[in-house]
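Novice: Sequence and computational prediction follow.
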Amino acid sequence: MTDLVREAGTRGAPASSLRDRERAALAGSGHLQVAIRRSTDNMDGRWRGLRESLPGAEELREAARSLRSAAITRLPELLGQLADNVEAAGGRVFFAADADEATGYITELAQRRGATRAVKAKSMVTEEIQLNARLAEVGVTAVETDLGEWAQQLDGEPPAHILGPALHKTQADWVRVLRPEGYEGGEDPDAMCAFARRTLRPRFLDADLGITGVNLAVASTGTLVMVTNEGNGRLTSGAPPVHVAVMGMERVVADWPEVDLLLALLGRAGSGVNFPTYVNCLTGPRRESELDGPEELHLVIVDNGRSKILGSPSQEALNCIRCGACLNACPVFRQIGGHAYGDVYSGPIGAVIVPLLSDGNHELSHASSLCGACWEACPVKIPLHELLLEGRAQHAGSERALWRAWARAWSSPRAFALTGAPAGLRPPQALVPPPFREWAKGRTLPRREGSTFRTRWARGEVLD
Amino acid sequence: MRVGLFVTCLVDLVAPEVGVATARVLARAGHEVVFPEGQTCCGQPAFNSGYREEAATVLRSTLRALAAADVDAYVAPAGSCTTMVRTFAAGLLDDDPALAAVAPRLYELSEFLAEHGGELRGRVRRCSVAYHDSCHMLRELRLRGEPRAALARVDGVSLADWDEQRCCGFGGTFAVRSPELSVAMADEKLRTLGGADALCGADPSCLMHLRGRLEKLGVKTPVRHLAEILEEGTRP
Amino acid sequence: MNRKAFLARLEARLADAAPPATAHPPAPAPDAVPRVRFPPDERALEVRFGEALTAIRGRLVPLDELLSALAQVRTAVVTTDALALPDHIERLPLDQAERADAGVTLARAACAATGTVLLAPSERETRLASLLPPLHVVAVPRDVLVETPGDVLRDLPRFFPDGLPSAFSLASGPSKSADIDAVVTYGVHGPLAVLAVIL
Ligand code: SF4
């Protein structure tokens, strides 16, 4: 598992093949699958239940899809408006073309402020740009404060799920991870939770820098909306003297009614609640009349490959609100977990966007049986299975000759008829052609009883 | 009605008994059944692997063969091939007259029976059936009630409770690209099979995969296509 | 990259957009964003607010039970005069919320369907008073009760007539996490308990 895990934290082309990573994930003790099953079944089940109880859930999801699509086609206008309004409220805005620009801006800011301690509220985009490593290079220690993300950081692992970064960890794993930090209790989630509170609280209060993601940014008022269930988002953005919010450029919405709709869906699909526990809405830094809050607010708007998705046939992938529901519903994720995808983004949405964002790891579009459970679960109805197919088509090529030969044969009825192996024949393993050999791993080869259908039809054997 | 069978490549080459059962069931429901010659495959294996041109070549030749038949409707004993023609083909073929002739009249078997099955009824020895919702059929064609209604035409059949909607792990070429994963997914699904007397589905590809896995595991539960159960129950 | 170049790149991509790779294209966006509705419920707002808050592990206490509910509380940061606190509670300065047993603050709005309260800093209210202490006591004036979070988010000028503050939060019950083995735990960062009182 360690190789798997190492690669999961990096960008670009992993050293091992997808198949090897799948095999490694499946070869374990089965703990991984048990833990994932428990977490994802819980979350997927709650979201299913809420879909049924929310009046008009289908219409709301369709509307959300259309509205997200419309916002993405207005991206330049909305981002411009957002930036104007953030600046008008006293915040500063930086547009980062790629990871280097984004991390460069933040590390410079840290150095200007003489910062050495940062707290972070879980954010996938900061994982994507590998901000923690860059901060460490300039002497800033960044502590993850989302409970699961903290455990991942202590354990030297990247997150294994968008919303449940440590969902593959058992309670025994947690004890192992917390022990070196001074935890003396046993496998008791409440005690571990209390320990985390005691340990992390001073970090917030001493931090020079608070770094968060952004779930939605409201163009009309320049407000950054962030959602947490733990409250670490409010602490991270509210306690330190400087707040840096990092957002993927696609997170912008035009106005507040969309926030209402999208939060209702995000809470239900992501956490199985009617509304997220804490929705924190920030418009600029602390005002003069206010008693606390950061002196500086910086918004870093990140492209980092997203503009390659914009205008492409897969543009709808930018509609994603990072709820994790597609991971919870995915039968592949359930078996192999997040790390086997070889990137910070995993599951169906990861398999779609990773190859597009990084122009590597193209194999990921094959990490799906195309069952469409992700599409069914996605609160904004992204047709992920079709986008996976698009990814496959974009990078088809190495098997072209084979498929061409196949197409030539199977577009000719006569050649097609010759394809059928003689009835009842099961050739010895060594003579089986490669795809069938792969098939035969774990399954018996199919065997036809009697003649092909067309032969029987021609002989008049079919009808009563 | 005059019905053209689209048996699909897998049924033709690997599971002809499913084609035979389909034809007989349709005839017993009062339809005239024909088999348009020259059909091969809907192109799905290449399409799902990302080879669209090659898929289009094969699809086009099958559609031409189907369109040449003088029929009122087409029926396929496979949800996934039905989806290929009805849903995905339009993105592969621009303004293809054969597609326009076939797609609106192509039905998956249980879907056809729901509309045109008439009084078809039958009976079998009491047996509990674990019905597998194949993914394209469930999520693209949205056929959930229809196959169950078709089984309800046969007295003696009861539906077993199991993990009916989870993907079986076949996924076309996925099954050979990621064989270990594909098999693990089958096992996940089969975990809940319990004491059902038979496993039944409406997609021969999923059934081939599940049967292969059960056989390998030494589990004797028979795997049967919906058409076979209907055929057995309605024998004259 | 400067803003202009960044946005120009996006303009260029959009100007030359490919058709979407789906057989199920989205419908055009509706003119108005549909409202999130909850199952109809005829009961009074405050009854439903209490029920929703209880469902997420908060509590609505009648005013006359506040004294006993706060019997264990020795220190508090208090940002509102709306509640008369029992005498035994020592009021700490606002910047000492970290030391306090309770934070007592005012809700600017409260949503019956979800048990959510709207919190915002002001000349007298800090961001952290409702967040750092283990107990958050929130006073909810009856006239700020609304149906849903949408009634707040779609009507912000009603609650902030002078414009949006630098921070406001919609808080629903105590701080929670399910990160440890899918077991729900409370109070990992914010309050372990939330008590609401309707005035
Ligand atoms: S693709 Fe859809 S389901 Fe998956 S994380 Fe994004 S919004 Fe959620």
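Specialist: Structure received. Given the structure is predicted, the values throughout are model-derived calculations rather than measurements.
Novice: How far off centre is stretch B:187-206?
Specialist: Remark: stretch B:187-206 is offset 14 Å from the chain centroid, using CA atoms, centre = their mean, to the nearest Å.
Novice: Repeat that for stretch C:12-30.
Specialist: Using CA atoms, centre = their mean, the offset of stretch C:12-30 from its chain centre is 36 Å.
Novice: which residues are contacting that stretch?
Specialist: When contacts are defined by CB atoms under 8 Å, 6 or more residues apart in numbering or on different chains, stretch C:12-30 is touched by residues A:62-63, A:65-67, A:69-70, A:73, A:75-76, A:307-308, A:310-316, A:381, A:383, A:386-387, A:389-390, B:87-88, B:90-91. Quick note: C-beta positions are derived from backbone N, CA and C, even for glycine.
Novice: please redo it, this time with the cut-off set to 7 Å
Specialist: Residues outside stretch C:12-30 that contact it (CB atoms under 7 Å, 6 or more residues apart in numbering or on different chains): A:62-63, A:65-67, A:69-70, A:73, A:307, A:310-316, A:383, A:386-387, A:390, B:87-88, B:90-91.
Novice: Using PDB, write out every CA atom in that stretch.
Specialist: Extracted as PDB, the C-alpha positions of stretch C:12-30 are listed here (Å, rounded to 0.1, in the frame of the first residue of the first chain):
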ATOM      1  CA  ALA C  12     -10.900  32.400 -25.900                       C
ATOM      2  CA  ARG C  13     -11.700  28.900 -24.700                       C
ATOM      3  CA  LEU C  14     -15.400  29.700 -24.500                       C
ATOM      4  CA  ALA C  15     -15.500  31.400 -27.900                       C
ATOM      5  CA  ASP C  16     -14.400  28.100 -29.500                       C
ATOM      6  CA  ALA C  17     -16.400  25.700 -27.400                       C
ATOM      7  CA  ALA C  18     -17.000  22.100 -28.500                       C
ATOM      8  CA  PRO C  19     -20.400  20.500 -28.200                       C
ATOM      9  CA  PRO C  20     -20.900  18.600 -24.900                       C
ATOM     10  CA  ALA C  21     -20.000  14.900 -24.800                       C
ATOM     11  CA  THR C  22     -23.400  13.800 -23.600                       C
ATOM     12  CA  ALA C  23     -26.600  12.300 -25.000                       C
ATOM     13  CA  HIS C  24     -28.400  14.100 -22.200                       C
ATOM     14  CA  PRO C  25     -27.600  17.800 -22.500                       C
ATOM     15  CA  PRO C  26     -28.900  20.100 -19.700                       C
ATOM     16  CA  ALA C  27     -32.000  22.100 -20.100                       C
ATOM     17  CA  PRO C  28     -31.600  25.900 -20.400                       C
ATOM     18  CA  ALA C  29     -31.200  27.500 -17.000                       C
ATOM     19  CA  PRO C  30     -34.500  28.500 -15.400                       C
END
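Novice: Give the helix, strand or coil label for C:F38.
Specialist: coil (DSSP: H, G, I helix; E, B strand; the rest coil).
Novice: Next, the contact list for it, please.
Specialist: Applying CB under 7 Å, 6+ apart to C:F38 gives the contacts C:A113, C:T148.
Novice: relative to its centroid, which residue of chain C is most remote?
Specialist: The C-alpha centroid of chain C is most remote from C:D16, which lies 42.5 Å away (CA atoms, centre = their mean).
Novice: Whichever residue of the stretch 1-150 of chain A sits closest to the ligand: how many residues sit nearby?
Specialist: Using CB to the nearest ligand atom, A:R68 is the residue of the stretch 1-150 of chain A that sits closest to the ligand, at 8.9 Å. For A:R68, the neighbour count with other CB atoms under 10 Å in any protein chain shown is 24.
Novice: before we move on, back to that, of the contacts of stretch C:12-30, list those near chain C.
Specialist: A:62-63, A:65-67, A:69-70, A:73, A:307, A:310-316, A:383, A:386-387, A:390, B:87-88, B:90-91 (CB under 7 Å from any CB of the partner chain).
Novice: Any of those buried? List them.
Specialist: Using 16 or more other CB atoms under 10 Å in any protein chain shown as the burial test, those include A:62-63, A:65-67, A:69-70, A:73, A:307, A:310-316, A:383, A:386-387, A:390, B:87-88, B:91 as buried.
Novice: Just want the most central residue of chain A.
Specialist: Most central in chain A (CA atoms, centre = their mean) works out to A:Y345, at 4.0 Å.
Novice: what sits against that residue?
Specialist: By CB under 7 Å, 6+ apart, the neighbours of A:Y345 are A:M124, A:I353, A:V354.
Novice: likewise A:G311?
Specialist: C:R13, C:L14, C:D16, C:A17, C:A18.
Novice: just the helices in chain C please.
Specialist: Shown for chain C, the helices assigned by DSSP state H span residues C:3-15, C:45-55, C:66-69, C:149-153, C:156-159.
Novice: and of those helices, who's closest to the ligand?
Specialist: The ligand sits nearest to helix C:149-153 of all these, at 19.4 Å, using CB to the nearest ligand atom.
Novice: Mind giving me the packing neighbours of that closest one?
Specialist: Applying 3 or more CB pairs under 7 Å, 6 or more residues apart in numbering or on different chains; DSSP states H and E, we find helix C:149-153 packed against helix A:256-266, strand C:109-111.
Novice: wait, does the first one contact the ligand?
Specialist: Translated: helix A:256-266. No - judged by CB under 6 Å from any ligand atom, helix A:256-266 and the ligand are separated, with a smallest distance of 8.1 Å.
Novice: mind checking how far the single nearest residue of chain B relative to the ligand is from B:R191?
Specialist: Closest contact between chain B and the ligand, by CB to the nearest ligand atom, is at B:R139 (14.4 Å). Going from B:R139 to B:R191 by CB to CB, to the nearest Å gives 22 Å.
Novice: Neighbour count for the two, which is higher?
Specialist: Taking neighbours as other CB under 10 Å, B:R139 and B:R191 compare with B:R139 leading, 22 against 11.
Novice: Looks to me like that one is in a strand.
Specialist: No - under three-state DSSP, B:R139 sits outside any strand and is assigned helix.
Novice: dump the residue contacts of it.
Specialist: A:G372, A:W375, A:E376.
Novice: Out of the buried ones among the ones next to chain C among the contacts of stretch C:12-30, which sit inside strands?
Specialist: Per DSSP state E, strands hold no members of those.
Novice: Among those residues, which are located in helices?
Specialist: Judged by DSSP H, helices contain the following of those: A:62-63, A:65-67, A:69-70, A:73, A:307, A:386-387, A:390, B:91.
Novice: just those now: which is nearest C:T114?
Specialist: Using CB to CB, A:A63 is the member of those that sits closest to C:T114, with 20.0 Å.
Novice: who are the neighbours in contact with the nearest residue to the closest one once chain neighbours are set aside?
Specialist: The shortest distance from A:A63 to any non-neighbouring residue, by CB to CB, 6 or more residues apart in numbering or on different chains, is to C:P34 (4.9 Å). C:P34 makes contacts with A:E59, A:L60, A:A63, A:L261, as judged by CB under 7 Å, 6+ apart.
Novice: ditto for A:A99
Specialist: A:I129, A:Q130, A:N304.
Novice: let's go with 8 Å and repeat that
Specialist: A:R11, A:E128, A:I129, A:Q130, A:V302, A:N304.
Novice: cool, and C:A52?
Specialist: A:N274, C:C111, C:A112, C:A113, C:T114, C:G115, C:T116.
Novice: Isn't the fifth one up against C:P149?
Specialist: Yes - using CB atoms under 8 Å, C:T114 is in contact with C:P149, at 5.9 Å.
Novice: in what helix or strand does B:C167 lie?
Specialist: Here B:C167, judged by DSSP states H and E, is contained in no helix and no strand.
Novice: count of residues packed around it?
Specialist: Count around B:C167 with other CB under 10 Å applied: 29.
Novice: Check it and give its pLDDT.
Specialist: With respect to pLDDT, B:C167 scores 97.
Novice: The closest residue to chain B within the stretch 1-150 of chain A sits in which helix or strand?
Specialist: Proximity of the stretch 1-150 of chain A to chain B (CB to the nearest CB) peaks at A:E22, 4.7 Å away. Using DSSP H and E, A:E22 sits in helix A:18-26.
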